[in-house]
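Undergrad: Generate a structure from the sequence data that follows.
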Amino acid sequence: MRSGDQLDRYVLVDELPPRDSDGTRTWRGRDVILDRDVLLRCVPSSQSRAAALIDAAQAAAGVDHQNLARVLDVVLVPPSADQPESVAAVMEWVAGTTIEDALESGQRLGLDGAVAMVEALSSALEQAHLLGVCHGRVRTSAVIIDEGGDFCLRGLAVDAAVLGPIRTDLAAALSDIDGVGRIAYEILTGQIPEDVTVPPSWVRPDVPNWLDEVVLGCLACPGGRPRFTSMAQVRMRLPGRVARFPRRRRALALSDWARRLVASAFAAAVVAGLFVVGMALVRHGSATAAVDSSVSSDAQLLREPVSSASPASSPATTQRDVRPTVYAYAPDQAVGDAPATDPIAGRGVEPVDAVVDSDISTCWKSRTYKLPVIPDSQGVGLLADLGSVQSVSAVDVTFGENGSDVDVRVGESLNVDPRTWPMLTQAQQGDPVIRLRGAEPLRGRYVLLWFPRLPAKAAHPERYQVHVCEIGITTETG
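TA: Reported below is the predicted structural model:
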């Protein structure tokens, strides 16, 4: 296999490192029909990795996102004098430089670059994970800064099939989250995170607290897993000012175009059929929903808990509702002059009985703010003391005016910032009555309801405040 050889419709141009001793080779090639560069990853067909490569390419080909290099084709490479028969995955070629090369050359990507990278990869991988596809080898050499300044991740599923997963101690989806955190940490600090990792702001003081939380929430502790369990959770922690990336315009192969045309027609027919069925259900005053239970374990792990405004069903015998002691946990920056309460510092602490008195006419109200996202602390919250360590499975929240973004975290000690506790679940602004159920219970004595983005006041939409009338915490007893 040499430069100038033609494999099906692809002409080999340059061989790229690394060339493995086991026969794996990577090439930049040229699609002679569509006149565009491509990337080819070749594995000897006699190896078990060849079948894994085909499966990975088939799965990844169904994912299309502006920040992912698409998988275009799989071809059989006939044997040659220096290469046995091989299978080659053909991927989109993205012109640019990898983050690895940029950092090694001394290029500084800065805070904006780190945030833009996290936004791009979390958005791309969120879509891939929802389709049951993971990358498995997220690292600086897999992320390209293209000629337009966008970040693009290449090798979705394919790299792990060929080279092996980068973290064998984690599920592939969690490994992807850890990989994003490691890249962000290296961009911000110039250091590769070790077993004991200090916040990026300790190395670089201009890193804001919220970015510390995002990066550390992605990183998997030794023997553990990231605090974030989905890319949606990562992306929701980014400030609203992060710009979305424009979709790159790509030329499609004729087979791609044909498949998309058929898929579009099929999708239109499905939508029309669903509309008719939905109207019939509305007329009969009923609705049903089904969930496909055949999704892979990684996809199940990444599926966000659903918040619902419908009345909760009777708790199972293994669950019970508890009445905690609740305190306000709020920062000092406010429009009003109400005193701050901070159970960590131990000043001005008074229980907030209004949220556990079974009376929705009494509410706790945060102070009023000029911005929906509070710059220094990134939120306000309620801290519930259960009195003893318990397994927390769900939290019910009744808001007073408008629903708010809410994170639910569980911890065993107040010696650390509650905002760094493990995340049970979270929800975006929506219904005024919601149930938040975690994928699995978390053990702890304390539950933090953290409101990272406040809703606008009904009477003064230029001001932001959250009202909470009631909270209920469900714990597992069996």
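
Undergrad: looking at this, E213 is in a strand?
TA: No. Assessed with DSSP: H, G, I helix; E, B strand; the rest coil, E213 is helix; it does not lie in a strand.

Undergrad: you'd agree it is up against T420?
TA: Yes. Between E213 and T420 there is a contact at 6.9 Å, judged by CB atoms under 8 Å. All C-beta spots, glycine's among them, are computed from the backbone N, C-alpha and C.

Undergrad: For these two, indicate the residue with more neighbours.
TA: E213 (19 against 16; other CB atoms under 10 Å).

Undergrad: Please spell out which residue in the chain sits farthest from the middle.
TA: Residue farthest from the centre of the chain, counting by CA atoms, centre = their mean, is A81 at 45.7 Å.

Undergrad: For P84, list the residues it contacts.
TA: Each residue near P84 by CB atoms under 8 Å, 6 or more residues apart in numbering is listed here: 23, 44-46.

Undergrad: Can you pick out the most distant pair from those?
TA: G23 and S45 (9.9 Å; CB to CB).

Undergrad: Quick check: neighbours shared by the two?
TA: 84, 86.

Undergrad: Looking at those two, which one has more neighbours?
TA: S45 (19 against 16).

Undergrad: give me the number of residues near the closest residue to V63 other than its chain neighbours?
TA: Once flanking residues are discounted, V63 sits nearest to A128: 4.8 Å by CB to CB, 6 or more residues apart in numbering. Residue neighbour count, defined by other CB under 10 Å, stands at 27 for A128.

Undergrad: Give me the distance between the residue farthest from the centre of the chain and G29.
TA: Distance, A81 to G29, using CB to CB, to the nearest Å: 19 Å.

Undergrad: Check P226 and give its pLDDT.
TA: P226 carries a pLDDT score of 81 in this model.

Undergrad: for the closest residue to G136 other than its chain neighbours, helix, strand, or coil?
TA: Distance criterion CB to CB, 6+ apart; nearest residue to G136, sequence neighbours excluded, is A160 at 2.7 Å. The three-state label given to A160 by three-state DSSP is helix.

Undergrad: which residues touch A160?
TA: 56, 134-137, 166, 172.

Undergrad: Break this protein down into its structural domains.
TA: 6-92, 98-236, 319-476 (automatic domain parsing).

Undergrad: pLDDT on the stretch of helix or strand D176 belongs to, on average?
TA: D176 belongs to helix 172-189 when elements are defined using DSSP states H and E. Summarised as a single mean, pLDDT over helix 172-189 is 93.

Undergrad: Helix or strand next in line after it, which one?
TA: helix 200-203.

Undergrad: Give me the buried positions along that following helix.
TA: Under the neighbour-count criterion of 16 or more other CB atoms under 10 Å, helix 200-203 has 200-201 buried.

Undergrad: And stretch 155-166, by the same measure?
TA: Going by 16+ other CB under 10 Å, stretch 155-166 has these buried residues: 155-163, 165-166.

Undergrad: So which of the contacts of P84 are in strands?
TA: Using DSSP state E, the subset of the contacts of P84 located in strands is P44.

Undergrad: okay, the contacts of P84 in JSON lines with pLDDT and distance to V352 next?
TA: JSON lines is the format used below for these (pLDDT from 0 to 100; distance: CB to CB, whole Å):
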{"residue": "G23", "pLDDT": "70", "distance to V352": "65"}
{"residue": "P44", "pLDDT": "87", "distance to V352": "65"}
{"residue": "S45", "pLDDT": "85", "distance to V352": "66"}
{"residue": "S46", "pLDDT": "85", "distance to V352": "67"}
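
Undergrad: Check the contacts of P84 against G403 and report the nearest one.
TA: Among the contacts of P84, and counting by CB to CB, the member closest to G403 is S45, at 54.7 Å.

Undergrad: Correct me if wrong: the closest one contacts L76.
TA: Yes. Look at S45 against L76 with CB under 8 Å: they come within range, at 7.1 Å.

Undergrad: Give the residues shared as contacts by those two.
TA: 85-87.

Undergrad: about what we covered before: what's the spacing between the helix holding D176 and its chain's center?
TA: Put simply, helix 172-189 sits 11 Å off its chain's centre (CA atoms, centre = their mean, to the nearest Å).

Undergrad: Which strands and helices lie in contact with that helix?
TA: Under the contact criterion of 3 or more CB pairs under 8 Å, 6 or more residues apart in numbering; DSSP states H and E, helix 172-189 touches helix 99-104, helix 110-130, helix 200-203, helix 209-218, helix 231-236, helix 297-302.

Undergrad: And the fifth one, what's buried?
TA: Burial within helix 231-236, assessed by neighbour count using 16+ other CB under 10 Å, is assigned to 231-236.

Undergrad: Next: the second one.
TA: The neighbour-count check on helix 110-130 (16+ other CB under 10 Å) flags 113-130 as buried.

Undergrad: Which residue lies nearest the spatial centre of the chain?
TA: Short answer for the chain (CA atoms, centre = their mean): M231, at 0.6 Å.

Undergrad: pretty sure that residue is in contact with L125, am I right?
TA: Yes. Applying CB under 8 Å as the test, M231 and L125 come out as touching, 4.8 Å apart.

Undergrad: Now the common contact residues for these two.
TA: With CB under 8 Å, 6+ apart, M231 and L125 have common neighbours 176, 180.

Undergrad: Tell me the spacing between the closest residue to V77 other than its chain neighbours and A232.
TA: Leaving out its chain neighbours, the residue that sits closest to V77 by CB to CB, 6+ apart is S86, at 4.1 Å. From S86 across to A232, the span is 38 Å (CB to CB).

Undergrad: and the residue farthest from the centre of the chain, what are its phi and psi?
TA: phi -60, psi -30 (degrees, to the nearest 10).

Undergrad: Over to A95?
TA: Backbone torsions for A95, taken as degrees, to the nearest 10, come to phi -70, psi 130.

Undergrad: Quick check: it touching E147?
TA: Yes. Assessed by CB under 8 Å, A95 is found in contact with E147 at 5.4 Å.
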